[in-house]
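# Fold the stuff below for me.
(one chain, ligands or ions: 1)
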Amino acid sequence: MSIALPTLTIEHGERFGKLTVLRKYTSKKRGPRYACGCSCGCTKVTATANELLKGRVKACLRCADSSSP
Ligand SMILES: [Zn+2]
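Predicted structure coming up:
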């Protein structure tokens with residue numbers, strides 16, 4: 001059994017949970033990151049490709065907070 005891993009490429013407009021990828025940028029300290037907009041209207045979400053693809057980041061902080069107990 002083999003599972004093909006998705007490529008580490010994220011397109012603009014791709015959706016992860018409540019997030020929609022707006023643009024890619026590179027942080028001098030943290031490397032390539034993606035700016036995302038949350039469905040609640042928050043556009044201050046940033047995450048790495050790994051975080052998005054592994055589902056570690058799928059909403060803004062406020063939404064992530066309210067959805068966890
Ligand atoms: Zn949100």
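
# got the contact list for the longest helix seen in the chain?
Looking across the chain with DSSP state H, the single longest helix is helix 61-67. With contact meaning CB atoms under 8 Å, 6 or more residues apart in numbering, helix 61-67 is reached by Lys18, Cys38, Ser39, Cys40, Cys42, Val45, Val57, Lys58, Ala59. For every residue, glycine as well, the C-beta is placed using N, CA and C.

# Mind doing that once more with 10 Å?
Residues external to helix 61-67 that are found in contact with it (CB atoms under 10 Å, 6 or more residues apart in numbering): 17-19, 38-40, 42, 44-45, 56-59.

# any idea how far it is from the chain center?
Taking CA atoms, centre = their mean, to the nearest Å, the mean C-alpha location of helix 61-67 is offset from the chain mean by 14 Å.

# What residues sit buried inside that helix?
Cys63, Ala64 (16 or more other CB atoms under 10 Å).

# ok, it near the ion or not?
Yes. Judged by CB under 5 Å from the ion, helix 61-67 and the ion are in contact via Cys63.

# Pull out the CA atoms of the helix or strand of the chain with the lowest mean pLDDT and give them to me as PDB.
Every helix and strand in the chain was compared by mean pLDDT, DSSP states H and E; the lowest is helix 61-67, with a mean of 84. Taking Å, rounded to 0.1, in the frame of the first residue of the first chain, the C-alpha atoms of helix 61-67 are listed here in PDB:
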ATOM      1  CA  LEU A  61      -6.400  32.100  16.100                       C
ATOM      2  CA  ARG A  62      -9.800  33.300  17.200                       C
ATOM      3  CA  CYS A  63     -11.700  30.700  15.300                       C
ATOM      4  CA  ALA A  64      -9.200  27.900  16.300                       C
ATOM      5  CA  ASP A  65      -9.700  29.000  19.900                       C
ATOM      6  CA  SER A  66     -13.500  28.900  19.800                       C
ATOM      7  CA  SER A  67     -13.600  25.500  18.000                       C
END
